[in-house]
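Trainee: got a predicted structure here, sequence first:
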Amino acid sequence: GAVVSQHPSRVICKSGTSVKIECRSLDFQATTMFWYRQFPKQSLMLMATSNEGSKATYEQGVEKDKFLINHASLTLSTLTVTSAHPEDSSFYICSANPGQGYSYEQYFGPGTRLTVT
Amino acid sequence: AQKVTQAQTEISVVEKEDVTLDCVYETRDTTYYLFWYKQPPSGELVFLIRRNSFDEQNEISGRYSWNFQKSTSSFNFTITASQVVDSAVYFCALSVYSGAGSYQLTFGKGTKLSVIP
């Protein structure tokens, strides 16, 4: 149980275009989902926290107009990188929290490697 | 604010040697959770262990063992008889309540372990 998927696993896009990454909880409902970014040889940095049906909370320094997060259902959150630039190239990882007494748990997706050319 | 320090950036050991990865954390919360994750080259985070702040019992799982000491705010991870498959980046993480029913994870910078055959 507690499986989280991400799609796509890898994406290459041209500078100036937008790309959408999906995060799905496959066998549980996720009251909260998190988005992390990991640059090469660095740690995971939290970008934003999203709760189903409400606006995401972004960490300091993360541009909310550039990284659009939509948590439209209890099993799906999407991250859209708008007008991508080469410096947005990174590994993006989502996680999902099932709530209901397990609010300390985060189940991680396999990650999406974004390359902007 | 929460902080996790993994002082060892990179460690190399020869196969079958034992190795300990250090983790020191800082928090003012009395209730928190500590985690260790393994990140192989594929990028996917692999959950290894979770400990809550009220359970200081050490744990052993096969070749893995964890030493949690609240007195020194440390949660160290030992691999006994290391194998090449243990080569990966290992992250220690701290989870504390962030409000609105959810917890937030803070990751250390990670320790890259290389096991040489």
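Mentor: Yep, it's here. The model shown is predicted, which means the values in this text are computed figures rather than measured ones. Residues are numbered from 1 along each chain as shown, chains lettered A, B, ... in the order given.

Trainee: point me to the residue sitting farthest from the middle of chain B.
Mentor: Most distant from the centre of chain B: B:Ala100, at 26.5 Å, with distances by Cα atoms, centre = their mean.

Trainee: quick check: it touching A:Ser50?
Mentor: No: using Cβ atoms under 8 Å, B:Ala100 is not in contact with A:Ser50, being 11.2 Å away. For the C-beta atoms, the positions are set from N, CA and C on the backbone; glycine is no exception.

Trainee: the nearest residue to the residue farthest from the centre of chain B once chain neighbours are set aside: how many residues sit nearby?
Mentor: Nearest-residue entry for B:Ala100: A:Asn51, 6.9 Å, with adjacent residues in sequence omitted and distances by Cβ to Cβ, 6 or more residues apart in numbering or on different chains. When neighbours are defined as other Cβ atoms under 10 Å in any protein chain shown, A:Asn51 has 20 of them.

Trainee: so what pairs up with A:Asn51 in the strands?
Mentor: Applying DSSP bridges to A:Asn51 gives these bridge partners: A:Thr32.

Trainee: let me see the contact set for it.
Mentor: For A:Asn51, the contacting residues are A:Thr31, A:Thr32, A:His71, B:Ala100, B:Ser102, by Cβ atoms under 8 Å, 6 or more residues apart in numbering or on different chains.

Trainee: B:Ser73 now?
Mentor: Taking Cβ under 8 Å, 6+ apart, one finds B:Val24, B:Tyr25, B:Glu26 in contact with B:Ser73.

Trainee: and it, how far from B:Tyr32?
Mentor: 10 Å (Cβ to Cβ, to the nearest Å).

Trainee: joint contacts of the two?
Mentor: The contact lists of B:Ser73 and B:Tyr32 share B:Tyr25, where a contact means Cβ under 8 Å, 6+ apart.

Trainee: follow-up on the earlier one: now, which of the contacts of A:Asn51 sits nearest A:Gly16?
Mentor: Closest approach to A:Gly16 among these (Cβ to Cβ): A:His71, at 26.2 Å.
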